[in-house]
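# structure here, sequence nowhere to be found:
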């Protein structure tokens, strides 16, 4: 038989999966704790006992996503510099598969989360960027005196600001990816060693071209006239 702690963890995972399913079905972060309990097949008290609040459940959904994301990132073939850019591309590919879900849950968590939300993104997510920075420094790709915590915070800010602009409809996913990668390339180039400097400069120039192309595309779309509204018809089809 599973121990009490194992049973508790199983129920937590069940509730997190149920919450994710509810949000996927509606593309909204809103759900009732009773509806969540019914979906998970547990009593109404269980989500409160295990998480405390609906907001905490949403954070758990995002953390479960992060765990799966990091596992996928580990399986990618990338060296200590390429991995920063592939990390961005992997995230945008996941968002593109379920844009409604990710927009809803990130918007709700950001607007309702306050300091808890910032701490959430400053915890395991910061640890991931810090680990990548340490790996690049140890591989001789970044300068030895780079302070990993400070640099990881900077990368996190670059990426998260682009994500929030996408969540609020200000960027497309292609623009999110390009802007985040451009910011990463500039930041990394500033602390690069000869082993990575030229490659990062090529990344900067290539991403600049992509950003210009995306900007032109956005301008064209903004300048296109809106499709005319169909004229109303009477019930019998006459004008």
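Nice, thanks for sending it over. Since we're looking at a predicted model, the values are computed, not measured. Numbering: from 1, shown residues only.
# need the next SSE after the helix or strand bottoming out on mean pLDDT in the chain, C-terminal direction.
Lowest on mean pLDDT, DSSP states H and E among the helices and strands of the chain sits helix 99-122, with a mean of 70. Sequence order places helix 124-138 as the next helix or strand after helix 99-122, per DSSP states H and E.
# could I get the buried residue list for that following helix?
125, 126, 128, 129, 130, 132, 133, 134, 135, 136, 137 (16 or more other C-beta atoms under 10 Å). Heads up, the C-betas are built off the backbone N, CA and C, glycines and all.
# again with stretch 179-197
Of all the residues in stretch 179-197, those buried under the rule 16+ other C-beta under 10 Å are 179-185, 187-189, 191-192, 196.
# which stretch of helix or strand covers the nearest residue to residue 88 once chain neighbours are set aside?
Using C-beta to C-beta, 6 or more residues apart in numbering and skipping residues adjacent in sequence, the residue nearest residue 88 is residue 180, 4.7 Å away. Here residue 180, judged by DSSP H and E, is contained in helix 173-190.
# break the protein down into its domains, please.
1-52, 58-218 (automatic domain parsing).
# to residue 224, which of those domains lies closest?
Between residue 224 and the domains of the chain, the shortest gap by C-beta to C-beta is with domain 58-218, which sits at 11.0 Å.
# for the closest one, measure first residue to last.
33 Å (C-alpha to C-alpha, to the nearest Å).
# repeat for stretch 136-156
16 Å.
# quick one: contacts of it?
With contacts defined as C-beta atoms under 8 Å, 6 or more residues apart in numbering, stretch 136-156 is touched by 79-81, 84, 121-122, 125-126, 129-130, 132-134, 184, 187-188, 191-193, 195-196.
# helix 173-190 and the helix or strand where residue 160 lies, what's the angle between them?
Residue 160 belongs to helix 148-167 when assigned by DSSP H and E. Interaxial angle, helix 148-167 versus helix 173-190 (axes from the mean of the first three to the mean of the last three C-alpha atoms, to 10 degrees): 160 degrees.
# in helix 148-167, what's buried?
Buried residues in helix 148-167, counted by 16+ other C-beta under 10 Å: 148, 151-152, 154-156, 158-160, 162-163, 166-167.
# burial measure for residue 104, as a count.
20 (other C-beta atoms under 10 Å).
# cool, the one 4 residues further on as well?
Using other C-beta under 10 Å, residue 108 has 19 other residues around it.
# any weak-confidence spans in this structure?
1-2, 111-122, 226-239 (pLDDT under 70).
# which strand or helix spans the residue sitting nearest the centre point of it?
With distances taken as C-alpha atoms, centre = their mean, the residue of the chain nearest its centroid is residue 91 (5.7 Å). In the assignment (DSSP H and E), residue 91 maps to helix 82-97.
# identify each buried residue in that helix, please.
83, 84, 85, 86, 87, 88, 90, 91, 92, 95.
# tell me who's in contact with the fourth one.
By that I understand residue 86. With C-beta under 8 Å, 6+ apart, residue 86 has these contacts: 73, 76, 78.
# go through these and name the one nearest residue 109.
Nearest to residue 109 among those, with distances taken as C-beta to C-beta, is residue 73, at 21.3 Å.
# and the angle for the helix or strand containing the closest one with helix 124-138?
Per DSSP H and E: residue 73 is located in helix 54-75. Computed with the same axes, to 10 degrees, the direction of helix 54-75 lies at 20 degrees from that of helix 124-138.
# check what contacts helix 54-75 and list those residues.
So helix 54-75 is contacted by 12-13, 15-16, 19-20, 23, 29, 31, 33, 36, 47, 51, 83, 86-87, 90-91, 94, 105-106, 108-109, 112-113, 116-117, 120, 124-125, 128 (C-beta under 8 Å, 6+ apart).
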